[in-house]
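I need the structure of the sequence given here:
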Amino acid sequence: MVRMETMSAGERRFHENYACPSFSHTPFVIPDRLNRLRVAIVSTAGLHTVQDDPFDGSNPEKYRVIPKEIPVQDLVMSHVSVNYDRSGFYQDFNVVFPLDRLKELQDEGFIASVASRHYSFMGAENPMTWRPAVEKLADQLRQDHVDAVLLVPV
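Numbers count the residues shown, from 1 in each chain. Got it, this is the predicted structure:
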């Protein structure tokens, strides 16, 4: 992980002055008990299946769909940041996409179910351009009867 104090002055200025969204209000929902919730993962690790096109900044969808039953060898990371260490992902994809851990929580009865589809954005892109994609994703989550999302920022 890159630390601010090890970045060049130009990189530091970029990150310190990066525009972040602000919201007039933050909705709050009191969730049901965990053992009644269907959970999906949303990651910013730039993950996709081997059949998908890699992230390259030109796809207006901004995210990829990852099926619940994906074989580990079919999960690809195309994160483009030179400051990102991928070695943890190659050792255990659960570091950035804890799908096996969610399945274990379901098996233990801690959560009701794991969603059939999960999602990954490319974290190296400008999140200010994601709104249309996020709104579409929210509709997909509702259609899948997802009650809670595990956000995995990378």
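
among the helices and strands of the protein, which has the poorest mean pLDDT?
One helix or strand of the chain scores below all others by mean pLDDT, DSSP states H and E: helix 87-91, with a mean of 79.

ok, residue 107 - how many residues close by?
Per other Cβ atoms under 10 Å, the neighbour tally for residue 107 reads 10. In this view, the C-beta of every residue, glycine as well, is placed from N, C-alpha and C.

and it, backbone torsions?
Main-chain dihedrals, residue 107, degrees, to the nearest 10: phi -60, psi -30.

And residue 99, by the same measure?
The phi/psi pair for residue 99 (degrees, to the nearest 10) is phi -70, psi -40.

what comes up buried for the least confident helix or strand of the chain?
residue 89 (16 or more other Cβ atoms under 10 Å).

Pull the residues that contact that helix.
Helix 87-91 has contacts (Cβ atoms under 8 Å, 6 or more residues apart in numbering) with 45, 77, 95-96.

okay if I get those residues as a markdown table plus neighbour count?
Shown next, in a markdown table, are the contacts of helix 87-91 (neighbours: other Cβ atoms under 10 Å):
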| residue | neighbour count |
| --- | --- |
| 45 | 24 |
| 77 | 22 |
| 95 | 15 |
| 96 | 24 |
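
Just the ones in strands from these, please.
residue 77 (DSSP state E).

Beta-bridge partners for the spatially most central residue of the chain, please?
The centroid of the chain falls nearest to residue 43 when counting by Cα atoms, centre = their mean (0.9 Å). Beta bridges link residue 43 to residue 120, residue 152, judged by DSSP bridges.

correct me, but it touches residue 99?
No. Residue 43 is beyond contact range of residue 99, at 9.8 Å (criterion: Cβ atoms under 8 Å).

Go through the helix or strand harbouring residue 48 and flag the buried ones.
Using DSSP states H and E, residue 48 sits within strand 47-49. Using 16+ other Cβ under 10 Å as the test for burial, strand 47-49 gives 47-48.
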